[in-house]
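> Sequence first, then the predicted structure, then my questions.
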Amino acid sequence: MTERVGVDAGETAERRLARILSENTRALERVAASYARTSSDRQDLLQEFAMALWTALPGFRGDCLEKTFVLRVAHNRALTFLSKRTGPVGNAEDVDDNAGSVVATTGKNPAIVYERTQRGNRLLAAARALPVNHRQVVTLLLEGLSHKEIAEVLGITETNVAVRTNRARAAMRVLMESEETE
Amino acid sequence: MTTNIEANDPELETWKREWQELGGEEELARELAARVASDRRRVWRSAIRELLGAAFSTALSFWLIARSHGELVTIAVCGTVLIFNGVWTTRLFVLRESFLRSSSFEGKGLDSFVDLTRHKLIDDLKWNAFARIALIVLLLVLVPMSVWAFVARYEMYRAEPWRAYVGFGVAFGIFGACFFVGQRKRRRLIRESERFELLVAERSLV
């Protein structure tokens, strides 16, 4: 098996992957949670992300931030993951009651954990209920990417990103409010 | 990474904070790295199995041709197997190159990724069609050959019917299984391709 080197020639491929995974695991968990409904699907998807990163990393020449690259790989992989799934493509069927398992729960005050879980659930459920094209834009925005970076990741124009963002946020507001009133 | 407009948006800032609190399963990064290593080993094992299978059937075909003394049917069957092996091995080294070395495919921009994925699905379907046609051609040779073998050795098969059951049964069982698996894969690829196009169409909507 060949040794792969990336931007930092002194870093072995295995170490580089381990470092990138360790720095971006939480972001990858969130991307997986925004696409996969069940815990086992999330685990499968995370594994696919990791494998895709392994094959993609040698081609990364540092033309964007590492996190942007990781998110691009993850969203691309998620697209093929969705094509392999059975059932309808798209939105509300993905909402589940187990989103709390995505929230970190170690070493925290139970009351804080509960509140965080509730807030996280609400946001995640709303994001997952969006159509894929809106879901991607909003999750990337929530990861902290600028419109320009989102446009680069998704291969669309900044104007398009802005339009999708507005629509996605409006839909999320409605979804979250309706959940609060229920 | 945020722009000024985004930074002055309290709702978005709250959502971002809540969103970025999600995740954080302990030991996950290490588990994922370990799984990648084991997946890579599995992929290599699978490639080696395919290569060993091709090498074995190629050697067997050459051996059968060598001791056939120019028998047409044996040469035709072995020839088909050899052609199939050649094409299949080429596929392993050319189309599945990412199994054996790095690929920039995953990290491409969306447009390139969509094009490449589309090509990959089409290629997979073409290979599937090739395997199906190869099986049919082999079957067209094997059926008359089996009838001829049965008629020519009728007395032996009548005396020991188990030979017929085992010999013909195993041969046609393998064919049936290969055909069934190929058809199932074809249906899966078509379904995957349709869903992929649907997702691409949905994403391109403004």
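Looks like it arrived, so ask away. Numbers count the residues shown, from 1 in each chain, chains lettered A, B, ... in the order given.
> For the rest of this, base every contact and every neighbour count on C-alpha atoms.
Will do.
> The helix-or-strand element of chain A with minimal mean pLDDT: what's the following helix or strand?
Every helix and strand in chain A was compared by mean pLDDT, DSSP states H and E; the lowest is helix A:110-128, with a mean of 74. Next along the chain after helix A:110-128, taking DSSP states H and E as the criterion, comes helix A:132-142.
> after that following helix, next one along is what?
With DSSP H and E, the next secondary element past helix A:132-142 is helix A:147-154.
> Just give the nearest non-adjacent residue to B:Ser193, would you?
Once flanking residues are discounted, B:Ser193 sits nearest to B:Leu121: 6.5 Å by CA to CA, 6 or more residues apart in numbering or on different chains.
> Which parts of the chain are strands?
This is for chain A. According to DSSP state E, chain A carries no segments that qualify as strands.
> What's the separation between the residue positioned nearest the centre of it and chain B?
A centroid search over chain A (CA atoms, centre = their mean) returns A:Val31, at 1.6 Å, as the residue closest to the centre. Note on A:Val31: its distance to chain B, by CA to the nearest CA, to the nearest Å, is 10 Å.
> Check A:Glu177 too.
Counting by CA to the nearest CA, the gap from A:Glu177 to chain B is 13 Å.
> what's the answer for A:Arg169, then?
For A:Arg169, the distance to chain B - CA to the nearest CA - is 9 Å.
> If you drop the residues flanking it in sequence, what lies closest to that residue?
A:Val138 (7.3 Å).
> Any stretches of chain A with poor pLDDT?
Scanning chain A for pLDDT under 70 picks out A:1-10, A:86-117, A:179-182.
> do that again at 80, thanks
Chain A contains residues with pLDDT under 80 at A:1-13, A:59, A:61-63, A:84-121, A:178-182.
> And it, what are its domain boundaries?
Listed domain ranges for chain A are A:7-89, A:106-182 (source: automatic domain parsing).
> Next: chain B.
Split by automatic domain parsing, chain B gives B:24-102, B:104-206.
> any idea where the helices of chain A begin and end?
Along chain A, counting by DSSP state H, helices occupy A:13-35, A:39-56, A:66-84, A:110-128, A:132-142, A:147-154, A:158-181.
> just the ones you listed: most buried one?
helix A:132-142 (a mean of 24; mean count of other CA atoms under 10 Å in any protein chain shown).
> still on that earlier bit, just send the domains of chain B back as a markdown table, with mean pLDDT too.
Below are the domains of chain B laid out as a markdown table (pLDDT from 0 to 100):
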| stretch | mean pLDDT |
| --- | --- |
| domain B:24-102 | 82 |
| domain B:104-206 | 83 |
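> Nearest to A:Thr80, out of those?
Checking these against A:Thr80 by CA to CA gives domain B:104-206 as the closest, at 6.8 Å.
> returning to that earlier point: format the domains of chain B as a markdown table; extra columns: mean neighbour count.
As requested, these are exported to a markdown table (neighbours: other CA atoms under 10 Å in any protein chain shown):
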| stretch | mean neighbour count |
| --- | --- |
| domain B:24-102 | 15 |
| domain B:104-206 | 15 |
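> Could you export those to CSV, including columns for distance to A:Val161?
Converted to CSV, the domains of chain B look like this (distance: least, CA to CA, whole Å):
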stretch, distance to A:Val161
domain B:24-102, 28
domain B:104-206, 9
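> Would you tell me which of the ones you listed gets closest to A:Pro131?
Closest to A:Pro131 of the domains of chain B is domain B:104-206 (CA to CA; 8.0 Å).
> ok now the closest one, how far from the chain's centre?
9 Å (CA atoms, centre = their mean, to the nearest Å).
> same deal with stretch B:61-71?
30 Å.
> Give me the contacts around that stretch.
B:Thr74, B:Ile75, B:Cys78, B:Gly79, B:Val81, B:Leu82 (CA atoms under 8 Å, 6 or more residues apart in numbering or on different chains).
> Near chain A, list only the ones from those residues.
Filtering the contacts of stretch B:61-71 for proximity to chain A by CA under 8 Å from any CA of the partner chain leaves nothing.
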